[in-house]
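coordinates only, sequence not included:
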């Protein structure tokens, strides 16, 4: 029968559905509380678009683990639900309703939504339900995920919302939910806070508090004709006025107003705030930069006159400052202005720079060329073209005269550290990619080792790391101010810019000391896979502050005491794992009965409330049966938010025995070497891949491509290779099944009725099988799906290739061995390729592989000595081939010479005294016969020591117990077939040795000499 995966897989899908195969319920046995249960969860999908192959891997890895635990005898719960909270679905619907071509193309061309069904997608839940049913659920079922579908729900369900309301009522009562002014991610397009899940770019961006250095200066007056925007003395046009008679100019109220746009009353001082993360460098400022092509404003900020970029004015308004823009002008109008350093009192010149991003911070940048490689190079480049600045009315010599001002010393660098770094890296241009690395290296070195100079008064002689905060606090007020900015650009999924905004909002107090301490206890007891992620959870707890937990609109649960707000997506997905345990049964409870006391009774028992609801107590029993969550499989990018929130809320709501037991993080997926992108159509849909290759191929590739926490790359050529390998495996299995069972065989380790039924080569393969069972089991205990599949499939295939060469396959013992191996491997492979494994195993034994127990090591079949012996035979074959290739010989006779007993005696001495040549020689020289051999013994001793270092004590003992001559004699018929030659095996020192080429003396233990004739 040929391998037709689609037909096989459809039969099993239907069978599983008909049987309710993966519907998990508490055992009804009296000792059900002693049952081994496994509860596996994965982040529920957000159906704002279709399921692609990256999602498929996210769900297939936990499925493999769930299947493994079932074969281990556990009662396993693997549920699924749908996350619809928030605005991405709402945004997608709005784009569809507007008829945006990009959205229509995504739906039609990428996700294959039929034209006649687009109308169904024009409501948020209609949109969600389409992708739930037509993409995610169908995709998961096609992949054969062993999900209990009775437990699915959406986060918009009214009963689920009652569950969320209970949590937030209790958090508020505990003082862990408060209202106050707080920095939030704010979408300027949607005009509401957004969270990480709402972002298109900048998911890892963090809030950074910048110090604003309040430089003071005067805007140029209108009479200055030699400014940017005036080409000659008589030019009446200004940078911000279109013609002489324009009375509607920004900053000018009527025709007679002498103040030009961008200036207050002549001579008035204004603040030029410049943002920095290194306030201590203020004494090293030599000049400032603005972008001459950007738009700047004079604005009243909290009653003061500030000059900032147009973008910055909006940032300050969002950060709870009173901002009123009074004038607007070009950055070119500021070039040539002098501003006063608030710390030193020195005047610094404002110069033009196209690299200044007016959207970053205030748009006015201070330059510290002694300590910033960027600034050092920028100043050099500007000085080289200083003559060009005459058009701004700037004296070129004034620019050429700017010198870096060192403000600290640091060992290993010159007086001007930035100069040292630039020259060391050979950087000559601001376009050099090495500039970023050089800048980061210097900043890091100065922070940890830079010593401030005497000019810093009370701070002189201190390390920057120790003084930065105190220095900033010392000068807050007249000299310093603050603002918040992101560490990188942040874009909302709707396409809008996201800025830091201060809002009066409800937030979770993740910085509460008691809550933090409990969460760290969860982390300490967590099986974090891989282990190096444990520190990431702790780090997240340490830097998390308050977390805004509400949105102005979108799908989800309304804030119980203020229906104007919706609880945001990351904040309603912290305890939902517990809801899975009761989801099918809670539907029987009237919605109005689901008050906070109901959930108190359900989770905390009858003593938690005065009059507990009987339904609540019954549901609580099932929750208690399944909880805690044994393993949660989730993306590694969620450690910094969702996964840590999950730990926080479990620590607070549930007792320690119900805390999460383990988390396995998942890497990211690439497609043909490029990042997958739904919006760009750069995705593979699981359904299409399954139709082409079959679900088992898709599963196996995703599970074998890398370990779960590593990134992987979906490449069609590699997927096709997997498909061909599974086809060969299936066809070989079918052939073995069709050959039938050997008539006399009772079992591979039983009384076969035939003394020759199982020989040493068979036992070698069966021993290798035990090693594979051990390695695959250890791998699955650590969720190492690649290691497990490599061992059970590819690794063992290599053993089978050798066995097929080595053994006489028409023997009953060989056929019995191969059938046993096939049965065991099918059980090992069942979690990964369940369709193929079930099909073949049922044909072979009458039982599906998933219903057979996971293989256990059969100690009677372990034969490490045979494994070592066979490795020597395999090495001998390789050596013979090598000699044949080197001598270009097609031998008629192969002579194998086994080392003399005295050489073995030297090797045995190594076992006794250890791998030390001196100790070995000291021992063997006590033997008169060996002492006579002198240098020859010394050489053998060195060989023996080198050889012994490759083996542990037990392996070396097994090797030395091996009768090497007998092993090669037993293998002689195989060697004869392999080389189509007569094979003769001799001991080096036997009397009748045939040694025409005088090769026998070259033999050493476990590396026989070879002669080809």
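Received it, and whenever you're ready, just let me know what you need. Quick caveat, the model's predicted, so the values are computed rather than measured.

list the contacts for the closest residue in space to residue 509 that isn't next to it in sequence?
Using CB to CB, 6 or more residues apart in numbering and skipping residues adjacent in sequence, the residue nearest residue 509 is residue 176, 5.0 Å away. Where you see a C-beta, it was placed from the backbone N, CA and C, and this is true even at glycine. Counting by CB atoms under 8 Å, 6 or more residues apart in numbering, residue 176 touches 508, 509, 512, 515, 652.

poorly predicted segments of the stretch 101-250 of the chain, please.
For the stretch 101-250 of the chain, applying pLDDT under 70 flags the ranges 196-197, 220-250.

among the contacts of residue 176, which are in strands?
Mapping these onto strands (DSSP state E) picks out 508, 509.

how about TSV for the contacts of residue 176, with neighbour count added?
Below are the contacts of residue 176 laid out as TSV (neighbours: other CB atoms under 10 Å):
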residue	neighbour count
508	24
509	19
512	18
515	21
652	20
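
which among the contacts of residue 176 gets closest to residue 979?
residue 652 (72.1 Å; CB to CB).

which residues are in contact with the nearest residue to that closest one once chain neighbours are set aside?
Nearest residue to residue 652, sequence neighbours excluded (CB to CB, 6+ apart): residue 515, at 6.2 Å. Neighbour list for residue 515: 176, 509, 648, 651, 652 [criterion: CB under 8 Å, 6+ apart].

which pair of the residues you listed spans the longest distance?
509 and 651 (13.5 Å).

A helix includes residue 585, no?
Yes: assigned with DSSP: H, G, I helix; E, B strand; the rest coil, residue 585 falls within a helix.

just confirm it contacts residue 623, I think it does.
No: between residue 585 and residue 623 there is no contact under CB atoms under 8 Å: 10.3 Å.

show me the strands in the stretch 851-1000 of the chain, by range?
Assigned by DSSP state E, counting those that start in this stretch, the stretch 851-1000 of the chain shows strands spanning 893-898, 982-987.

what's the closest of these to residue 366?
strand 893-898 (81.4 Å).

list the buried residues of the closest one.
Using 16 or more other CB atoms under 10 Å as the burial criterion, the residues of strand 893-898 that qualify are 894, 895, 896, 897, 898.

tilt between it and strand 982-987?
20 degrees (axes from the mean of the first three to the mean of the last three CA atoms, to 10 degrees).

quick one: average pLDDT of strand 893-898?
Average pLDDT, strand 893-898: 96.

again, but for stretch 551-559
89.

show me what that stretch is in contact with.
For stretch 551-559, using CB under 8 Å, 6+ apart, the contacting residues are 84-87, 89-90, 124-125, 155-156, 160-161, 164-165, 168, 191-194, 506, 550, 564-569, 572.

buried subset of those residues?
84-87, 89-90, 124, 155-156, 160-161, 164-165, 168, 192-194, 506, 550, 565-569, 572.

residue 305 contacts residue 297, doesn't it?
No: look at residue 305 against residue 297 with CB under 8 Å: they stay out of range, at 10.6 Å.

can you work out which residues contact both of the two?
With CB under 8 Å, 6+ apart as the test, residue 305 and residue 297 both reach residue 326.

more neighbours: the two, which one.
Taking neighbours as other CB atoms under 10 Å, residue 305 and residue 297 compare with residue 297 leading, 25 against 17.

who does the more buried one bridge with?
residue 308, residue 328 (DSSP bridges).

end to end, how far does stretch 954-969 reach?
By CA to CA, to the nearest Å, the extent of stretch 954-969 from end to end equals 25 Å.

do stretch 940-954 as well
21 Å.

in it, what's buried?
Those would be 940, 941, 943, 944, 945, 947, 948, 951, for stretch 940-954 by 16+ other CB under 10 Å.

do you know how far the residue lying closest to residue 150 once chain neighbours are set aside is from residue 156?
Distances taken as CB to CB, 6+ apart place residue 584 nearest to residue 150, at 4.5 Å, with adjacent residues excluded. Distance, residue 584 to residue 156, using CB to CB, to the nearest Å: 18 Å.
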